[in-house]
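Participant: how would this look folded up:
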Amino acid sequence: CAAHLNHQLRGEEADSDQVFVESLCSSQNVPCFVDKKDVRTYGRERKMSTEEAAREVRYAFLKETARRTDSHLIALAHNANDQAETFLDHLTRGAGLAGLGGMEPVREDFIRPLLFATRKDIELYARQNGLAFRIDSTNTDVSYKRNRIRHELLPLLEKYNPRIISSLNKTAAILGNADVFMQNQAKEAYNSCLIAKDAEKIILDIESYLLYFPALQRYILAHSLKELSQDERLIDFDLVERINTLIKKRAAGKKVPLTEQVAVTVAASELVVGCFRQGSEEIILDPVAGLHELWDGWILEINSESKPLEQMLLNGSESDASVDADLIHQPVKVRTWRRGDRFQPINFAGSKKLSDFFIDLKVPFYLKKRIPILECPSGIVWVAGYRLDNRFKVTAKTKNILRCELRKNAG
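Facilitator: Next up, the predicted model:
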């Protein structure tokens, strides 16, 4: 089948193009799917250029048409001239290997079967075979950068190399192959740097990361974003320079934002690439005893205990704690860390700021902000997984005991 999108940018001319496509498809018995989109309004609402908006809307339309028609491939008409123009456009912007590699012949569901042919070749074939075609009048409008490259820069370069279109296509292919090689190398390098990974973040070992050349470091970070289903194009040369500067300064906790939700952060000996949740967590426990589902897959189980007192005096381990139930009053809650938090760690004289406690234990910032903290009106009862508060410990005078256990959901 054929698909045509009227971008509503050229008034009657665009409508005539639509009629031409529909008539041609009808004469050839080819099913034709058309649609109209107000590209200018779409771009204005999203603060995008007209060219960017047109591309986004067009590709969305093609994908939706493929889905509706159960088509497995979408063929685009880009040719060798388009590839040369793309190369020059990316070169003047300052692109890396991926950008200079240009358009791929096959990418996901899209294929470009005409990349081998120049625009002149295609027009000559059409004329020799009596095939009618339309020319978009905006292609001559040099207010668009793409058209300035087409009508001004490329003709100038042809004076130095009459086969400039072919040469630029070959260069793009070479750089595209180099990009594929670097991506494969980055996978191995990424695995050698990887410390931990979950759905929201990837933790890399800084010393391992620094063993690689800066060119490959960018690919390692880009691959990390890809693993998190983020746009790998967010990583560019300047950003890698900023990250490496922070690493050299050992600026722990400093963050390089990529978007409002995604950042790369230096954390002591680790480099964290992640999508971090905003805000805090808080869950009221009423009743206190029972199985409580927390955040990030954590489960807190609290039960009344009847074990011999001498066993409970140990006051638990990192993942569990025994507390004096009579010292805990409602409202009882589990929450995340807040600035200014203080508690009295068991086996420690006096109180301590929770932030200092985490620093002493070298708890990474990305864990600190998600650690469950059991609290009642009298203060912090237990920094779950780390330390019980001395005020709530089991003693010889304790009559009623609550056993608290923190664990990850096995699912």
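
Participant: Please count neighbours and contacts with C-alpha atoms only from this point.
Facilitator: OK.

Participant: Can you name the element that comes right after the host helix or strand of Phe181?
Facilitator: Using DSSP states H and E, Phe181 maps to helix 164-193. Per DSSP H and E, the first helix or strand lying C-terminal to helix 164-193 is strand 194-197.

Participant: Could you list every helix and strand in contact with the helix or strand following that next one?
Facilitator: Heading C-terminal from strand 194-197, the first helix or strand you meet, by DSSP H and E, is strand 201-205. Judged by 3 or more Cα pairs under 8 Å, 6 or more residues apart in numbering; DSSP states H and E, strand 201-205 is in contact with helix 164-193, strand 194-197, strand 270-275.

Participant: switch the cut-off to 7 Å
Facilitator: If you count contacts as 3 or more Cα pairs under 7 Å, 6 or more residues apart in numbering; DSSP states H and E, strand 201-205 packs onto strand 194-197, strand 270-275.

Participant: Quick check on the residue nearest the centre of the chain: phi, psi?
Facilitator: Centroid check for the chain by Cα atoms, centre = their mean gives Gln230 as the closest residue, at 1.9 Å. Per-residue torsions, Gln230: phi -110, psi 170 (degrees, to the nearest 10).

Participant: Ok, Ile283 next?
Facilitator: Main-chain dihedrals, Ile283, degrees, to the nearest 10: phi -130, psi 130.

Participant: That one and Pro331 touch, don't they?
Facilitator: No: applying Cα atoms under 7 Å as the test, Ile283 and Pro331 come out as separate, 10.4 Å apart.

Participant: roughly how far apart are the residue lying closest to Ala173 once chain neighbours are set aside and Arg119?
Facilitator: Leaving aside its sequence neighbours, Ala173 sits nearest to Gly101 (Cα to Cα, 6 or more residues apart in numbering; 5.9 Å). Separation of Gly101 from Arg119 (Cα to Cα, to the nearest Å): 20 Å.

Participant: neighbour-wise, which of these two wins?
Facilitator: Gly101 (25 against 15; other Cα atoms under 10 Å).

Participant: For the more buried one, grab phi and psi.
Facilitator: Main-chain torsions, Gly101, degrees, to the nearest 10: phi -70, psi -10.

Participant: residues touching it, list them.
Facilitator: Contacts of Gly101 were listed using Cα atoms under 7 Å, 6 or more residues apart in numbering, and they are Ala172, Ala173, Leu175, Gly176.

Participant: Of these, just say which sits nearest to His292.
Facilitator: Among the contacts of Gly101, Gly176 lies closest to His292 (Cα to Cα), at 51.9 Å.

Participant: That closest one contacts Leu97, correct?
Facilitator: Yes: in this structure, Gly176 is within contact of Leu97 by Cα under 7 Å, at 6.5 Å.

Participant: Tell me the helices and strands packed up against the helix holding Phe181.
Facilitator: Here helix 164-193 touches helix 80-93, helix 97-100, helix 214-227, going by 3+ Cα pairs under 7 Å, 6+ apart.

Participant: elements contacting the first one?
Facilitator: Contacting helix 80-93 under the criterion 3+ Cα pairs under 7 Å, 6+ apart are the following elements: helix 97-100, helix 164-193.

Participant: Can you spell out which residues form a bridge with the residue lying closest to Glu282 once chain neighbours are set aside?
Facilitator: The shortest distance from Glu282 to any non-neighbouring residue, by Cα to Cα, 6+ apart, is to Arg335 (4.1 Å). When bridges are called by DSSP bridges, Arg335 pairs up with Glu282, Ile373.

Participant: Next one: Arg335 from Ile283, what distance?
Facilitator: From Arg335 to Ile283 the distance is 6 Å (Cα to Cα).

Participant: So for the host helix or strand of Asn147, mean pLDDT?
Facilitator: In the assignment (DSSP H and E), Asn147 maps to helix 145-148. Per-residue pLDDT over helix 145-148 has a mean of 92.

Participant: ditto for stretch 171-191
Facilitator: On average, stretch 171-191 scores 95.

Participant: List the contacts of that stretch.
Facilitator: Phe87, Leu97, Ala98, Leu100, Gly101, Gly102, Leu216, Tyr219, Ile220.

Participant: repeat that with 8 Å
Facilitator: 87, 97-98, 100-102, 204, 209, 212, 216-217, 219-220, 223-224 (Cα atoms under 8 Å, 6 or more residues apart in numbering).

Participant: Any idea how far it is from the middle of the chain?
Facilitator: 20 Å (Cα atoms, centre = their mean, to the nearest Å).

Participant: what's the answer for stretch 199-214, then?
Facilitator: Distance of stretch 199-214 from its chain centroid, counting by Cα atoms, centre = their mean, is 16 Å.

Participant: For that stretch, which outside residues touch it?
Facilitator: 189-190, 192-197, 217, 224, 228, 240, 247, 269-276.

Participant: Buried members of these into PyMOL, please.
Facilitator: Typed into PyMOL, the line below selects the buried ones among the contacts of stretch 199-214, using 16 or more other Cα atoms under 10 Å:
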select buried, resi 189+190+193+194+197+217+224+228+240+247+270+271+272+273+274+275
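
Participant: tell me the contacts of the closest residue in space to Pro105 that isn't next to it in sequence?
Facilitator: Closest residue to Pro105 apart from its sequence neighbours, by Cα to Cα, 6+ apart: Arg112 at 4.9 Å. By Cα under 8 Å, 6+ apart, the contact set of Arg112 is Ala75, Leu76, Ala77, His78, Asn79, Glu104, Pro105, Val106.

Participant: Please determine how far Val180 is located from Leu361.
Facilitator: The gap separating Val180 from Leu361 is 42 Å, by Cα to Cα.

Participant: Looking at these two, which is more packed in?
Facilitator: Val180 (14 against 9).

Participant: Report the buried residues of stretch 241-259.
Facilitator: With burial defined by 16+ other Cα under 10 Å, the residues of stretch 241-259 counted as buried are Ile243, Asn244, Leu246, Ile247, Ala252, Gly253, Lys255, Val256, Leu258.

Participant: go on, stretch 398-411?
Facilitator: Applying a neighbour-count criterion of 16+ other Cα under 10 Å, one finds Thr398, Ile401, Leu402, Arg403, Cys404, Glu405, Leu406 buried in stretch 398-411.
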